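**Student:** Starting from these lines, generate the structure:
(chains A and B)
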2 protein chains.
Amino acid sequence: MRLYDYFRSSAAYRVRIALGLKGLACERQPVHLLRDGGEQRAEAYARINPEKLLPALQDGPHTLSQSLAILEYLEETHPEPPLLPAAPADRAWVRAMAAQVACDIHPIANLRVMQYLEREIGATAEQRSQWTAHWIGTGFTAIEARLRDDGRSGLCCFGDTPGLADCCLVPQVFNARRVGLPMDRFPALVRIERHLAELDAFRSASPALQADAE
Amino acid sequence: MRLYDYFRSSAAYRVRIALGLKGLACERQPVHLLRDGGEQRAEAYARINPEKLLPALQDGPHTLSQSLAILEYLEETHPEPPLLPAAPADRAWVRAMAAQVACDIHPIANLRVMQYLEREIGATAEQRSQWTAHWIGTGFTAIEARLRDDGRSGLCCFGDTPGLADCCLVPQVFNARRVGLPMDRFPALVRIERHLAELDAFRSASPALQADAE
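**Tutor:** Down below sits the predicted model:
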């Protein structure tokens, strides 16, 4: 397998964690999101993934895109250890938390949106910083309520075993810390993130440890 | 089952289509996204779904949120007719298209983001209109390439049977038409949407036919 990846891409980071949890070897092919106007927009990468977004995963003859779809694919093709619980309602609970990050936080505050806000809307640095803090804060508030009020979370988002929601949560916390969002409003979330950070799959997937880290 | 719904909510519309495709009866509970500052933000609904977003689905003792998670839940609990193909790589292909809509288009141009752009950033009506056209256009361009260049699409996004990607695509096309986006750049997408619009599950889920339609 080959993962088209960038050390700081939040969506690619999710897949790196899942590959680690599954114990799967995967070659990394870095695609620099900022160099030369974004290597993901260049013809060479557009032939791999016409969406011009990271990540993409090549597995034999198949080229897959969209991190949530890739995570589900890894779960179906390499079921052990599972990233989702057994009962449908629990699976939905975990998938909903993954979607809270992957649909309701990350896309609104990612690189291309911030670039558009600056260039096309003329948003100031302060407005852009507040934008990021607002959307991550809104999403984390809802996730914190879920983790705090539902008996299903434990050392990890669901129980004590890392899974799909954890793969999405940790990269988003990395982003939040990077933009300086105060995390003390989210004690349950921080407790889980601290536990996960110690696990091999999460540590080895962290941006700072990737070969293309700057 | 009970669906907390709003006739024009794109994410709820996806679930209405899936319920129709599965032939499942479901009571609708309208939650008005604009009345009184948004009924989804009021205490009564926050007790159902602390995310304060639509849709939510109650199924016996379970309350589920996030449309993608709900669609997967319906697929797991009511497998016939399937919304996903059998082979993992094909399932990933369909899920990726669903995510192209549900992660990379809809969250960036939905109501709460447009409200924030206006109130906090001071974006003009023209800038907001361009914002919507830009993000829907960017996403539809990538989906059009996928539908055009991959042999897997047919009368529907995957083959000739409606599924998960179709549930997401049709509500997004509804939104695009509503904001006046020219659709002639997306012939494959429009061809599929026209076919789907004739099917019972899609027609009966359309916003104009809901009891709370205005």
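**Student:** Regarding chain A, what is its longest helix?
**Tutor:** helix A:125-149 (DSSP state H).
**Student:** mind listing what's buried in that one?
**Tutor:** Neighbour-count burial for helix A:125-149 flags A:127-128, A:130-133, A:135-147 (criterion: 16 or more other C-beta atoms under 10 Å in any protein chain shown). C-beta here means a position set from N, CA and C on the backbone, and glycine is covered the same way.
**Student:** in chain A, what secondary structure element scores lowest on mean pLDDT?
**Tutor:** Here the helix or strand of chain A ranked lowest by mean pLDDT, DSSP states H and E is helix A:43-48, holding a mean of 88.
**Student:** any idea which element residue A:114 lies in?
**Tutor:** Using DSSP states H and E, the element containing residue A:114 is helix A:111-116.
**Student:** So what touches that helix?
**Tutor:** Here helix A:111-116 makes contact (C-beta atoms under 8 Å, 6 or more residues apart in numbering or on different chains) with A:33-34, A:107, A:128, A:131-132, B:108, B:131, B:134.
**Student:** Could you verify that residue A:63 is part of a helix?
**Tutor:** No - checked against DSSP: H, G, I helix; E, B strand; the rest coil, residue A:63 lies outside a helix; its state is strand.
**Student:** contacting residues around it?
**Tutor:** The neighbours of residue A:63, taking C-beta under 8 Å, 6+ apart as the test, are A:48-49, A:56-57.
**Student:** for residue A:73, same thing?
**Tutor:** Counting by C-beta under 8 Å, 6+ apart, residue A:73 touches A:57, A:59, A:64, B:88-89, B:91-92, B:95.
**Student:** Please tell me how far it sits from residue B:123.
**Tutor:** Remark: distance between residue A:73 and residue B:123 (C-beta to C-beta, to the nearest Å) = 38 Å.
**Student:** which stretches of chain A form helices?
**Tutor:** So, for chain A - with DSSP H - the helices run A:10-22, A:43-48, A:67-77, A:88-102, A:111-116, A:125-149, A:164-178, A:187-197, A:200-204.
**Student:** Can you list the buried residues in the last one?
**Tutor:** This points to helix A:200-204. Buried, per 16+ other C-beta under 10 Å, within helix A:200-204: A:201-202.
**Student:** List of residues touching that helix?
**Tutor:** In contact with helix A:200-204 (C-beta under 8 Å, 6+ apart) are residues A:16-17, A:20-21, A:162, A:166, A:170, A:196-197, A:209.
**Student:** ok, so of the residues you listed, who is nearest chain B?
**Tutor:** Chain B lies nearest to residue A:166 out of those, by C-beta to the nearest C-beta, at 15.6 Å.
**Student:** Only the buried residues of the helix holding residue A:114, if you could.
**Tutor:** Applying 16+ other C-beta under 10 Å to helix A:111-116 flags A:112-114, A:116 as buried.
**Student:** Same check on stretch A:83-102?
**Tutor:** A:83-85, A:88-89, A:91-102.
**Student:** quick one: average confidence on it?
**Tutor:** The predicted model assigns stretch A:83-102 a mean pLDDT of 98.
**Student:** care to break chain A down by domain?
**Tutor:** A:2-81+A:203-209, A:88-202 (automatic domain parsing).
**Student:** Would you format those as CSV with distance to residue B:182 included?
**Tutor:** As requested, the domains of chain A are exported to CSV (distance: least, C-beta to C-beta, whole Å):
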stretch, distance to residue B:182
domain A:2-81+A:203-209, 21
domain A:88-202, 19
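**Student:** returning to that earlier point: I'd like the buried residues of helix A:111-116 laid out as JSON lines, including distance to residue A:6 and pLDDT.
**Tutor:** What follows is the buried residues of helix A:111-116, written out as JSON lines (distance: C-beta to C-beta, whole Å; pLDDT from 0 to 100):
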{"residue": "A:112", "distance to residue A:6": "13", "pLDDT": "92"}
{"residue": "A:113", "distance to residue A:6": "16", "pLDDT": "96"}
{"residue": "A:114", "distance to residue A:6": "15", "pLDDT": "95"}
{"residue": "A:116", "distance to residue A:6": "19", "pLDDT": "97"}
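**Student:** which one of those is nearest residue B:41?
**Tutor:** Closest approach to residue B:41 among the buried residues of helix A:111-116 (C-beta to C-beta): residue A:113, at 23.2 Å.
**Student:** where's that closest one relative to residue B:104, distance?
**Tutor:** On the measure of C-beta to C-beta, residue A:113 and residue B:104 end up 10 Å apart.
**Student:** which residues do those two both contact?
**Tutor:** With C-beta under 8 Å, 6+ apart, residue A:113 and residue B:104 have common neighbours residue A:107.
**Student:** Residue A:74 reaches residue A:17, doesn't it?
**Tutor:** No - Residue A:74 is beyond contact range of residue A:17, at 10.6 Å (criterion: C-beta atoms under 8 Å).
**Student:** The residue of chain A most remote from its centre and chain B, how far apart?
**Tutor:** No residue in chain A sits farther from the centre than residue A:122, which is 27.8 Å out by C-alpha atoms, centre = their mean. Per C-beta to the nearest C-beta, to the nearest Å, residue A:122 is found 9 Å from chain B.
**Student:** Now do stretch A:127-139: everything it contacts.
**Tutor:** Residues contacting stretch A:127-139 (C-beta under 8 Å, 6+ apart): A:100-101, A:104-105, A:108-109, A:114, A:117-118, A:123, A:172, A:175-176, A:179, A:181, A:185, B:116, B:120-121.
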